[in-house]
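Novice: Got a predicted model here, sequence first, then my questions.
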Amino acid sequence: MQVNPDIYLDMTGLAKLHGEAQRDSPKALKQVAQQFEALFVQMMLKSMRSATLAGGQGIMDSNQTRFYQGMFDQQIALDISKGKGIGLAKMLEQQLGKHLPKSGGGASSPNAVSGSAAGSAAPTAAAPKSSEPAPVSKQSPSQFVASLWPHAQATARKLGVDPKVLVAQAALETGWGKGTVRNPDGSSSHNLFGIKAGGQWDGPSATVTTLEFSHGIPAPQQAAFRAYASPAASFADYAKFLQSNPRYRQALSQAQDPKAFVQALQQAGYATDPHYARKLLDVLHSPTLQSAVAGVKTDAHRSLT
């Protein structure tokens, strides 16, 4: 697997690594570990620079010098991470590797990118814990949207939101269905919205290794996610989850405005990823989603004529 090293210092680059992880988990894991180490080295360099006289304000200090110093520090961090590094990447790779499938190409949840985990103040992401390889969905984005559209429409009527917003969120959370959280036996949990199995959940759950954002930096954790019998059950629980939780009242009050709704979800703590709302809106307005929805509507119209 070839990955541009520039994404080591770009948090959104985790999305690219996740796409590769669905096909080649061990190699992608090494890239992720190197990214963590590069970020750590860059933070150390930034801390050292801020410890200079006058809080970093020297006689030669300016926005331009800080800009070029930042670029220089990034290059140093990249060079270190691509070599033997400081040992952090190797340690992370060994620790996280314990939870990867021993054979085959297991799929991890895109939550590892988005840092989403509704149901707690610290949303999470998933990768299969079972030693059995988890099957990867072969659905195209169009097929993914078509399979969820009737459920999205029904749930959208309950919440007062555009059904495209719900499909976009499910696409972000599951990587268009390719990274849904898996049960221990490898079957799908049908968890389309990254909702955790908290104390109020008495149904089945799937415990997986996850990446969770803390102060903007992702870290591996173990988390239990709700498991459902079907996608329809996942949509129904999502609506119930938002409607029964007081902290999402502001989001529901703005349900007719997709941007306001999504931003209010993030502000209420739906996701720890600081870029969650932007990523969701990017998916919502993407040509991929727009084309898929248009195709679904065209097929529905043809079936009526």
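Specialist: Thanks, I have it. Numbering: from 1, shown residues only.

Novice: low-confidence ranges in the stretch 101-250 of the chain?
Specialist: Applying pLDDT under 70 to the stretch 101-250 of the chain flags residues 101-137.

Novice: got the domain boundaries for the protein?
Specialist: 5-97, 111-304 (automatic domain parsing).

Novice: Phi, psi for G175 please.
Specialist: Main-chain dihedrals, G175, degrees, to the nearest 10: phi 60, psi 50.

Novice: burial of it, as a residue count?
Specialist: Residues near G175, counting by other Cβ atoms under 10 Å, number 26. Where you see a C-beta, it was placed from the backbone N, CA and C, and this is true even at glycine.

Novice: cool, and Q290?
Specialist: A count of nearby residues for Q290, using other Cβ under 10 Å, gives 12.

Novice: Equivalent analysis for S303, please.
Specialist: S303: 7 neighbours (other Cβ under 10 Å).

Novice: what separates V181 from L148, distance-wise?
Specialist: V181 is 16 Å from L148, where distance means Cβ to Cβ, to the nearest Å.

Novice: nearest spatial neighbour of D162, skipping sequence neighbours?
Specialist: Residue nearest to D162 in three dimensions, not counting chain neighbours: P258, with 5.6 Å by Cβ to Cβ, 6 or more residues apart in numbering.

Novice: what's the burial count for that neighbour?
Specialist: P258 has 18 neighbouring residues, counting by other Cβ under 10 Å.

Novice: What separation do you get for it and A168?
Specialist: Distance from P258 to A168, by Cβ to Cβ: 9 Å.

Novice: circling back to that earlier point, compare V181 and L148 and say which is more crowded by neighbours.
Specialist: Between V181 and L148, counted using other Cβ under 10 Å, the more crowded position is V181 (34 against 24).

Novice: from what I can see, A251 looks like it's in a strand, true?
Specialist: No: when DSSP: H, G, I helix; E, B strand; the rest coil is applied, A251 is found to be helix, with no strand at that position.

Novice: ok now do the closest residue to it other than its chain neighbours, which residues does it touch?
Specialist: Using Cβ to Cβ, 6+ apart and skipping residues adjacent in sequence, the residue nearest A251 is A264, 3.7 Å away. Applying Cβ atoms under 8 Å, 6 or more residues apart in numbering to A264 gives the contacts Y248, Q250, A251, Q254.

Novice: As JSON lines, these with neighbour count and distance to A38 would be great.
Specialist: Below are the contacts of A264 laid out as JSON lines (neighbours: other Cβ atoms under 10 Å; distance: Cβ to Cβ, whole Å):
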{"residue": "Y248", "neighbour count": "20", "distance to A38": "36"}
{"residue": "Q250", "neighbour count": "15", "distance to A38": "37"}
{"residue": "A251", "neighbour count": "22", "distance to A38": "35"}
{"residue": "Q254", "neighbour count": "18", "distance to A38": "38"}
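
Novice: Would you mind giving the residues you listed as TSV with distance to P163 added?
Specialist: Formatted as TSV, the contacts of A264 follow (distance: Cβ to Cβ, whole Å):
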residue	distance to P163
Y248	18
Q250	21
A251	16
Q254	16
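
Novice: between these, which is closest to Y238?
Specialist: Nearest to Y238 out of those is Y248 (Cβ to Cβ; 10.7 Å).

Novice: Go ahead and confirm the closest one touches K240.
Specialist: No: taking Cβ atoms under 8 Å as the definition, Y248 is not a contact partner of K240, at 11.2 Å.

Novice: picking that back up, against L242, how distant is the residue nearest to A251?
Specialist: Using Cβ to Cβ, we find A264 at a distance of 11 Å from L242.

Novice: Common neighbours of these two, please.
Specialist: Common contacts of A264 and L242 (Cβ under 8 Å, 6+ apart): Y248, A251.

Novice: follow-up on the earlier one: my reading is that the residue nearest to A251 lies in a helix. Confirm?
Specialist: Yes: assessed by three-state DSSP, A264 belongs to a helix.

Novice: Can you give me the distance of it to A38?
Specialist: Distance from A264 to A38, by Cβ to Cβ: 33 Å.

Novice: Since that was my last question, I'll sign off now.
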